[in-house]
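J.: have a look at this prediction, sequence included:
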Amino acid sequence: MPHLMSLSHHKTMNVLLKVLAVSFMTMTLLAVPAEAATRKKEQVAKSATSAAKGKNAGARKVVAVQRRSAKVVVAQKRRSVIQVAVPARPSFGQIAGLHGAHDPLDLKSSVALVIDQETREILFSKNDRAVLPIASLTKLMTGLIVTESRLPLDEMIIISQDDVDTEKGSRSRLKVGTELSRGELLHLALMSSENRAAHALGRTYPGGLAAFVGVMNARAQSLGMKDTRYTEPTGLSSSNQSSAKDLATLVAAAYVDPKLRELSTSPGHEVEVGNRTLQFNNTNRLVKSPSWDIGLQKTGYISEAGQCLVMQAKVAGRKLIMVFLDSSGKFSRLADAERVRRWIESSPAPAIEVRQVSS
């Protein structure tokens, strides 16, 4: 009997163990997906947290970058707006329709005049009596007045706030407080078209700027330049106007002065400003060309005047005076001079609209 009870008990235990084993396996199988799901949820939550942190960090970086580069971004936007929304201001010559006049040399300047300096014979003429703004060609008269005044060229002059351009907002490397001699200012005005230098020359003239401008106009009248009017000594004002005929007269008068010839054709010049040495170069690169023999020159540009150039040069054995006004491209005034030179050199006695210049 005990044996039977033991056997029965043993069987019962086996059944219970099997039941427990099945239950354990079932719970394990059920727990695995649950655990996986829990891990997945934790990973998702962790990823979301990391993404949020990354987003916040990224946002901080973006904000930091935007703060650091705010000026650059604004500048780029401004440049873009300027390029698209503000068209180039037409020159007076374009407004007057002068560029519609065609010529045999296909010059890009709407006004041109080439004369023989010695015989006064006109070799080429194109709208030569049109009165237009002359930009920094003004400085040739400024230089003439300074040299004819016989003011000491070694006298030191300080650039002042009055010399800063308020007309066009042009830049200058001559800071307020810079001290240079009158001779150096004259050199920079003629060679590099330095506006503050030219203004300082007029400002320090006996009687001041108004007196200087008055002398400029009086000298123009004495030379017979009836189409010419000056309002200031730099050429930044579009009120400074003249004709090609008058400018040829001015070039002839300025050429007589050896100082003006020397300074206007100087390829470059260094000036000592405090502890610095500044290098200035000629605005007319033709002065460095071996193909050219230039005795005097001056360039000019403001939007109202276009690109301008006057020169005295020896071409094919002849001393010529060339005037180019209102040229339509940055280098086209020089290209026009090259066209004229090749035309003169290829023709023994070229002439287009030949007539005498009245004196």
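T.: The structure has been received and is ready for your questions.

J.: ok, now which ones touch residue 194?
T.: 172, 174, 185, 188, 280 (Cβ atoms under 8 Å, 6 or more residues apart in numbering). In this view, the C-beta of every residue, glycine as well, is placed from N, C-alpha and C.

J.: the residues you listed in strands, which ones?
T.: Using DSSP state E, the subset of the contacts of residue 194 located in strands is residue 280.

J.: what about residue 164, distance to residue 203?
T.: Using Cβ to Cβ, to the nearest Å, residue 164 is found at 11 Å from residue 203.

J.: show me the common contact partners of the two, please.
T.: Shared contacts of residue 164 and residue 203, counting by Cβ under 8 Å, 6+ apart, come down to nothing at all.

J.: narrow the contacts of residue 194 to those in helices?
T.: 185, 188 (DSSP state H).

J.: and residue 315, how far from residue 332?
T.: 19 Å.

J.: wait, residue 208
T.: According to Cβ to Cβ, residue 208 stands 38 Å off from residue 332.

J.: same deal with residue 133?
T.: Residue 133 sits 17 Å away from residue 332, going by Cβ to Cβ.

J.: quick one: which of the two has more around it?
T.: More crowded of residue 133 and residue 332, by other Cβ atoms under 10 Å: residue 133, with 26 against 18.

J.: surely residue 270 is in a helix?
T.: No - per DSSP: H, G, I helix; E, B strand; the rest coil, residue 270 lies outside any helix segment and is strand.

J.: surely it and residue 192 touch.
T.: No - with contact defined as Cβ atoms under 8 Å, residue 270 does not reach residue 192; the gap is 11.6 Å.

J.: anything in contact with each of these two?
T.: In contact with both residue 270 and residue 192: residue 280, using Cβ under 8 Å, 6+ apart.

J.: of the two, which one has the most company?
T.: Set residue 270 next to residue 192 and count neighbours by other Cβ under 10 Å: residue 192 wins out with 20 against 9.

J.: on the pLDDT front, check the more buried one for me.
T.: The model reports residue 192 with a pLDDT of 97.

J.: how many residues are close by the nearest residue in space to residue 172 that is not next to it in sequence?
T.: With Cβ to Cβ, 6 or more residues apart in numbering as the criterion, residue 172 has its nearest non-adjacent residue at 4.5 Å, and that residue is residue 196. As a burial measure, residue 196 scores 26 neighbours (other Cβ under 10 Å).

J.: before we move on, back to that, give the buried subset of the contacts of residue 194 as a ChimeraX selection command.
T.: ChimeraX command restricting the contacts of residue 194 to the buried ones, with burial defined by 16 or more other Cβ atoms under 10 Å:
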select :172,174,185,188,280
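
J.: closest to residue 319 among the contacts of residue 194?
T.: Nearest to residue 319 among the contacts of residue 194: residue 188, at 27.0 Å, using Cβ to Cβ.

J.: residue 178 versus the nearest residue to the closest one once chain neighbours are set aside, what's the distance?
T.: Closest residue to residue 188 apart from its sequence neighbours, by Cβ to Cβ, 6+ apart: residue 194 at 3.9 Å. According to Cβ to Cβ, residue 194 stands 11 Å off from residue 178.

J.: SS state for residue 319?
T.: Under the three-state scheme (three-state DSSP), residue 319 adopts strand.

J.: which ones are touching it?
T.: The contact partners of residue 319, by Cβ under 8 Å, 6+ apart, come to 116, 117, 118, 295, 312, 313.

J.: and these, which are buried?
T.: For the contacts of residue 319, a burial check counting by 16+ other Cβ under 10 Å picks out 116, 117, 295, 312, 313.

J.: residue contacts, the nearest residue to the first one once chain neighbours are set aside?
T.: By that I understand residue 116. Excluding its sequence neighbours, the residue lying closest to residue 116 (Cβ to Cβ, 6+ apart) is residue 318, at 5.9 Å. Contact analysis of residue 318 by Cβ under 8 Å, 6+ apart lists 116, 117, 118, 344.
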